[in-house]
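Asks: Everything below, folded, please.
(chains A and B)
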Amino acid sequence: DTEVTQTPKHLVMGMTNKKSLKCEQHMGHRAMYWYKQKAKKPPELMFVYSYEKLSINESVPSRFSPECPNSSLLNLHLHALQPEDSALYLCASSPGQGIGAYEQYFGPGTRLTVT
Amino acid sequence: AQKVTQAQTEISVVEKEDVTLDCVYETRDTTYYLFWYKQPPSGELVFLIRRNSFDEQNEISGRYSWNFQKSTSSFNFTITASQVVDSAVYFCALRREYGNKLVFGAGTILRVKS
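Replies: From the prediction side, this is the model:
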């Protein structure tokens, strides 16, 4: 079963709100990812967690704060976002990380609107 | 530097037509991995195929086939007898042997009309 789940599906938040996006996988994957995708663009990598440790931060503003409580869960905490942060946020996981042949499996995404 | 080019921004076909989506990549690495993903209107990226640089065999899966040619740095994707459900954005991507980062092409929007 190659399933990554994400909640919520849709989120509308004000610029002063604090909210969190959640991602879960039960495939035993040890790497998890957050991507941001603007309309009509490819996904852009934000963060990578490998064995529950943050291994890549693609210079993401601090108003986005990732957290990996355990190997199956990945959160993205949002605070003081700007309207330009409105996008589809995709979570992914992979069986391998760093080296070798593996693919990333994506969740359905959370469509975020910042008002 | 790694780069993936999908020159076709949008393709429209009528159902049952065959369609080929082009992907050209740039890398100086000898070992790398190529991928195709499908993104239907619902938003989820669906993994379709991974091809390792050292395996130039073409692959067929049902109506889908992939042609990998290292000599031209291309990894093209053909859908035979297209269906309306094939309508989606298709992304080609490249990953280095070492590292987690996928380098995506800009994507090709495929519209299949009935």
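Asks: For the rest of this, base every contact and every neighbour count on C-alpha atoms.
Replies: Fine.
Asks: buried ones in the helix or strand in which A:Leu21 is found?
Replies: Using DSSP states H and E, A:Leu21 sits in strand A:18-25. Going by neighbour count (16 or more other CA atoms under 10 Å in any protein chain shown), the buried part of strand A:18-25 is A:21-25.
Asks: Could you list every helix and strand that that strand packs against?
Replies: Judged by 3 or more CA pairs under 8 Å, 6 or more residues apart in numbering or on different chains; DSSP states H and E, strand A:18-25 is in contact with strand A:4-7, strand A:73-79.
Asks: which residues touch residue 47?
Replies: Using chain A here. Contact analysis of A:Phe47 by CA atoms under 8 Å, 6 or more residues apart in numbering or on different chains lists A:33-35, A:54-58, A:66.
Asks: my bad, chain B
Replies: A:103-106, B:35-38.
Asks: Quick check: which of those has the minimum pLDDT.
Replies: By pLDDT, A:Glu103 ranks lowest within the contacts of B:Phe47, coming in at 92.
Asks: pretty sure it is touching B:Arg50, no?
Replies: Yes. Between A:Glu103 and B:Arg50 there is a contact under CA atoms under 8 Å: 6.9 Å.
Asks: higher neighbour count, the two?
Replies: Between A:Glu103 and B:Arg50, A:Glu103 has the larger neighbour count (other CA atoms under 10 Å in any protein chain shown), namely 23 against 17.
Asks: SS state for the more buried one?
Replies: Recorded secondary structure, A:Glu103: coil (DSSP: H, G, I helix; E, B strand; the rest coil).
Asks: Flag the shaky bits of the chain, pLDDT-wise.
Replies: No chain in the question, so chain A it is. In the predicted model of chain A, residues A:1-2 satisfy pLDDT under 70.
Asks: wrong chain, I was asking about chain B
Replies: Filtered on pLDDT under 70, chain B yields no residues whatsoever.
Asks: Close to chain A: what parts of it are there?
Replies: B:33, B:35, B:42-47, B:50, B:52, B:91, B:97-102, B:104-107 (CA under 8 Å from any CA of the partner chain).
Asks: Just the buried subset of these, please.
Replies: Buried subset of the residues of chain B next to chain A (neighbour count, 16+ other CA under 10 Å): B:33, B:35, B:43-47, B:50, B:52, B:91, B:97, B:100-102, B:104-107.
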